[in-house]
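Asks: Everything below, folded, please.
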Amino acid sequence: MSDLSTTLDMLGVGTGGTKRRARQSDGNGEPAKQSIFSRPVLIRLNTVEPKPITWLWPGRIAIGKLTMLSGDPGLGKSLLTIDLSARVSNGARWPDSPEQAPLGGVVMLSAEDDPADTIRPRLDAAGADCSRISLLSGVVWDDEQDSRTATFNLARDLRALDEAIETTPDCRLVVIDPISAFCGSTDSHKNSDVRGLLAPLSELAQRHHIAIVGVNHLNKSGAGSPAMYRTMGSLAFVAAARAAWAVVKDKEDPKNRLFLPIKNNLAADVAGLSYVVVEQDGQPCLAWSADPVTVSADEALAVDRPDGRGRERKAAAAWLRNLLADGPLTQKEIKRQAKEEGLAWHTVNRAKTILEVISRKEGFGAEGGWVWRLPDAKEANTSELAPFGEIPEKTAKTPKEGQFTELAPLAEIGPLSDDPNDLLLEAAADDEEAVW
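Replies: You can find the predicted model right below:
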């Protein structure tokens with residue numbers, strides 16, 4: 001008998017692929033308790049029917065998956081989830097495309113905002129259909145003596161969330177804000193514990209065919225680290241999610257907020273977006289820019305180090321101005337030429353801001369792409385640019401993207417209507433302090 005066969009026999013497992021139970025003496029002539037061993041659960045992949053990813057927000061938030069949203073306090077993360085919920089509740093279009101959100105219900109969990117003076121007024125201002133949105137404010141435990149209400153706990157009360165989803169007609173979205181407030185006694189810094197907490201949540205999303213968005217904060221100790229490691233708690237919060245997004249303050253324009261991908265396992269790389277917070281009916285709301293933000297989350301979160309990089313940006317702006325002087329070029333071609341010139345892409349993005357270059361998306365699908373062009377001469381900010389060709393040595397610098405100079409891609413979709421996105425844009429246009 002081979003060594004392998006001997007070992008398997010000692011374990012009570014046959015070499016023929018069947019599980020056996022080991023019966024050994026307990027020393028008194030009686031058989032000992034049977035040993036139990038695990039067996040594999042196999043899926044023959046030829047029996048699996050392929051299916052495409054379905055999207056709540058195309059390319060950004062998938063249905064049937066867990067998505068994480070992280071950012072520092074005060075940047076509008078909760079407002080962003082209000083915006084998502086409002087669009088789902090009334091089937092409004094998304095900020096970056098003419099596609100509409102799938103009309104349906106929303107279940108919200110909020111540990112930080114009051115439903116009466118914060119959540120409901122903000123939903124109303126965003127144009128939500130609040131009859132489709134439910135707030136899971138807690139759970140009730142019944143025993144023989146009495147009933148008691150407790151805070152929802154992901155580790156203990158997933159069945160209650162399951163029931164909430166089932167009783168919300170056409171539920172499409174669940175928001176957990178912040179997810180760390182609902183972890184109970186789970187150690188949020190321990191990888192295995194967090195994965196054990198999130199795995200059933202992901203299974204719940206898949207089973208109900210809904211999107212689940214969890215909100216988290218950024219840690220301070222990791223300042224300067226890659227964005228992947230900046231989410232508070234264990235890395236598993238980002239690793240277990242199929243997509244993760246960061247909300248970051250624009251360093252050069254404090255009114256702008258950047259919505260940037262940290263990771264996306266389900267779609268090709270997509271650009272970030274940006275928004276400003278405006279007032280609608282006395283409540284804060286988001287007004288989005290349709291222009292793409294090509295700055296990465298790592299770059300946006302990088303720690304600034306003071307040095308003489310203004311000259312580098314001006315030289316890059318002179319190069320870009322010369323490149324676009326003969327007419328518009330695709331972003332892909334600009335990237336190619338920037339690489340040949342030895343220019344970092346984030347420096348080119350800074351130059352784009354200096355020149356107020358206009359970018360538009362032309363075409364659809366694989367044939368589409370972003371095209372850059374210079375603004376009219378009277379609009380361009382080309383003062384104090386370094387002479388073309390004077391490109392200093394590359395250095396790292398956190399880039400800037402998204403001056404809200406126009407919203408033409410959104411406006412081209414059609415005339416204004418009662419769509420809440422249109423109403424917000426009208427409100428922002430009247431706000432002298434709104435930056436577009």
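Asks: ok, so what distance separates residue 40 from residue 69?
Replies: Distance from residue 40 to residue 69, counting by CB to CB, to the nearest Å: 36 Å. C-beta coordinates here come from the backbone N, C-alpha and C atoms, glycine included.
Asks: Enumerate every residue touching residue 266.
Replies: 53, 62, 65, 242-243 (CB atoms under 8 Å, 6 or more residues apart in numbering).
Asks: quick one: it is in a strand?
Replies: No: using DSSP: H, G, I helix; E, B strand; the rest coil, the assignment for residue 266 is coil, not a strand.
Asks: Residue 272 versus that one, what's the distance?
Replies: Counting by CB to CB, the gap from residue 266 to residue 272 is 16 Å.
Asks: And residue 61, by the same measure?
Replies: For residue 61, the distance to residue 272 - CB to CB - is 14 Å.
Asks: Rounded mean pLDDT for the longest helix anywhere in the chain, please.
Replies: Using DSSP state H, we find that the single longest helix of the chain is helix 191-208. For helix 191-208, mean pLDDT rounds to 96.
Asks: follow-up on the earlier one: by neighbours, which of the contacts of residue 266 wins?
Replies: residue 243 (25 neighbours; other CB atoms under 10 Å).
Asks: how near is that one to residue 128?
Replies: The value you get for residue 243 to residue 128, if CB to CB is used, is 23 Å.
Asks: same check, this time on residue 118
Replies: Residue 118 is 13 Å from residue 128, by CB to CB.
Asks: cool, and residue 154?
Replies: From residue 154 to residue 128 the distance is 25 Å (CB to CB).
Asks: can you give me the helices in the stretch 251-400 of the chain?
Replies: 297-301, 310-323, 331-341, 345-355 (DSSP state H, counting those that start in this stretch).
Asks: In helices only, show me the contacts of residue 266.
Replies: Short answer: these have none in helices (DSSP H).
Asks: Packing partners of the strand ranked longest in the chain?
Replies: Using DSSP state E to define each element, the chain has its longest strand at strand 283-293. Applying 3 or more CB pairs under 8 Å, 6 or more residues apart in numbering; DSSP states H and E, we find strand 283-293 packed against helix 77-90, helix 120-125, strand 257-264, strand 272-280, strand 358-362, helix 408-411, helix 420-429.
Asks: how about those in JSON lines, adding mean pLDDT?
Replies: Conversion of these to JSON lines gives the following (pLDDT from 0 to 100):
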{"stretch": "helix 77-90", "mean pLDDT": "98"}
{"stretch": "helix 120-125", "mean pLDDT": "97"}
{"stretch": "strand 257-264", "mean pLDDT": "96"}
{"stretch": "strand 272-280", "mean pLDDT": "95"}
{"stretch": "strand 358-362", "mean pLDDT": "85"}
{"stretch": "helix 408-411", "mean pLDDT": "37"}
{"stretch": "helix 420-429", "mean pLDDT": "44"}
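Asks: Out of these, which is the most enclosed?
Replies: Mean neighbour count (mean count of other CB atoms under 10 Å) peaks for helix 77-90 among the helices and strands packed on strand 283-293, with a mean of 25.
Asks: and the angle for that helix with strand 272-280?
Replies: 90 degrees (axes from the mean of the first three to the mean of the last three CA atoms, to 10 degrees).
Asks: helix or strand right after helix 77-90?
Replies: strand 105-110 (DSSP states H and E).
Asks: how far does that next one sit from the chain's center?
Replies: Mean-position distance between strand 105-110 and its chain equals 17 Å (CA atoms, centre = their mean, to the nearest Å).
Asks: what packs against that strand?
Replies: Judged by 3+ CB pairs under 8 Å, 6+ apart, strand 105-110 is in contact with helix 77-90, strand 133-135, helix 158-167, strand 171-177.
Asks: Try it again at 7 Å.
Replies: The elements that strand 105-110 packs onto, with contact taken as 3 or more CB pairs under 7 Å, 6 or more residues apart in numbering; DSSP states H and E, are helix 77-90, strand 133-135, strand 171-177.
Asks: Give me the contact list for the strand or helix carrying residue 213.
Replies: Assigned by DSSP H and E, residue 213 belongs to strand 211-217. Residues from elsewhere that reach strand 211-217, judged by CB atoms under 7 Å, 6 or more residues apart in numbering: 56, 61-63, 65-70, 72-73, 77, 81, 84, 172-180, 201, 205, 231-233, 237.
Asks: Phi, psi for residue 190 please.
Replies: Main-chain torsions, residue 190, degrees, to the nearest 10: phi -100, psi 120.
Asks: how many neighbours does it have?
Replies: Count around residue 190 with other CB under 10 Å applied: 14.
Asks: on that earlier part again, mind exporting the C-alpha coordinates of the strand holding residue 213 to CSV?
Replies: Once non-C-alpha atoms are left out, strand 211-217 reads as follows in CSV (Å, rounded to 0.1, in the frame of the first residue of the first chain):
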residue,chain,number,x,y,z
ALA,A,211,-27.1,46.4,-5.4
ILE,A,212,-25.7,46.9,-1.9
VAL,A,213,-23.6,50.0,-1.2
GLY,A,214,-21.7,50.2,2.0
VAL,A,215,-20.2,53.6,3.2
ASN,A,216,-17.0,53.8,5.1
HIS,A,217,-14.5,56.4,6.3
